[in-house]
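Enquirer: Based on what follows, work out the 3D shape:
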Amino acid sequence: MKLTGKKIALFVENLYDEREFWYSYYRMQEEGAEVVVIAPKAYTYKSKTGMEATADKSINDVKASQFDALIIPGGFAPDFMRRTPKMVEFVKHMHEDGKVIGAICHAGWMLASAGILKGKKVTSFFAIKDDVVNAGAEWIDREVVRDGNIITSRKQDDLPAFCKTIIEALQ
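Expert: Sure, this is the predicted structure:
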């Protein structure tokens with residue numbers, strides 16, 4: 001168990017991509033990490049297909065300093081997440097502290113809103129390429145891109161490489 005003793009924040013909001021959320025959730029647990037699901041409120045959220053995920057904690061009840069990493073799944077949830085200033089601030093604090101941040105698919109929106117993409121190499125779902133480029137990033141079409149503490153992937157098919165890179169970064 002490569003991540004024993006590590007604590008990972010996993011963001012959720014309505015219209016999250018269930019594959020990106022649950023694959024990451026169970027893969028990190030499988031390696032021994034404690035995964036804490038965080039959302040604007042400790043509430044039950046629905047994925048794009050109606051699958052439910054319940055937040056363990058409200059963003060108001062946590063601090064970035066309590067975690068070793070953050071994973072942000074895609075779907076349309078990141079567009080809702082960034083409407084909660086404390087969730088954006090959490091991303092900024094994780095980055096300032098040099099902690100691992102994993103963002104897949106549309107989660108690049110959260111990185112752009114947090115203002116942490118300038119000069120970074122990243123990937124994302126192709127539909128938000130312009131958003132991440134306009135936020136100052138160099139966009140690369142690859143299954144996983146790691147630039148320092150930021151790890152990004154494009155879509156569900158990239159989940160094995162995405163999670164493997166997060167695990168390696170946390171060891």
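
Enquirer: Relative to E20, how far out is the spatially most central residue of the chain?
Expert: Residue closest to the mean C-alpha point of the chain, counted by C-alpha atoms, centre = their mean, is I72 at 1.7 Å. As judged by C-beta to C-beta, to the nearest Å, I72 and E20 stand 9 Å apart. Using the backbone N, CA and C atoms, a C-beta is placed for each residue, glycine as well.

Enquirer: What does A107 show for phi and psi?
Expert: phi -70, psi -20 (degrees, to the nearest 10).

Enquirer: Report the contact partners of it.
Expert: I72, P73, G74, P78, S124, T152 (C-beta atoms under 8 Å, 6 or more residues apart in numbering).

Enquirer: from memory L170 sits against F67, does it?
Expert: No - taking contacts as C-beta atoms under 8 Å, L170 lies outside contact range of F67: 10.9 Å.

Enquirer: Assess the claim that the residue nearest to the centre of the chain and M81 are in contact.
Expert: Yes - in this structure, I72 is within contact of M81 by C-beta under 8 Å, at 7.3 Å.

Enquirer: anything in contact with each of those two?
Expert: F11, M110.

Enquirer: Verify the contact between K48 and R19 for me.
Expert: No - between K48 and R19 there is no contact under C-beta under 8 Å: 9.7 Å.

Enquirer: Between these two, tell me which one has more neighbours.
Expert: R19 (21 against 15; other C-beta atoms under 10 Å).

Enquirer: re the thing from before, any idea how far D147 is from the nearest residue to the residue nearest to the centre of the chain once chain neighbours are set aside?
Expert: Closest residue to I72 apart from its sequence neighbours, by C-beta to C-beta, 6 or more residues apart in numbering: A107 at 3.8 Å. Using C-beta to C-beta, A107 is found at 15 Å from D147.

Enquirer: for R154, same thing?
Expert: Taking C-beta to C-beta, one finds R154 at 15 Å from D147.
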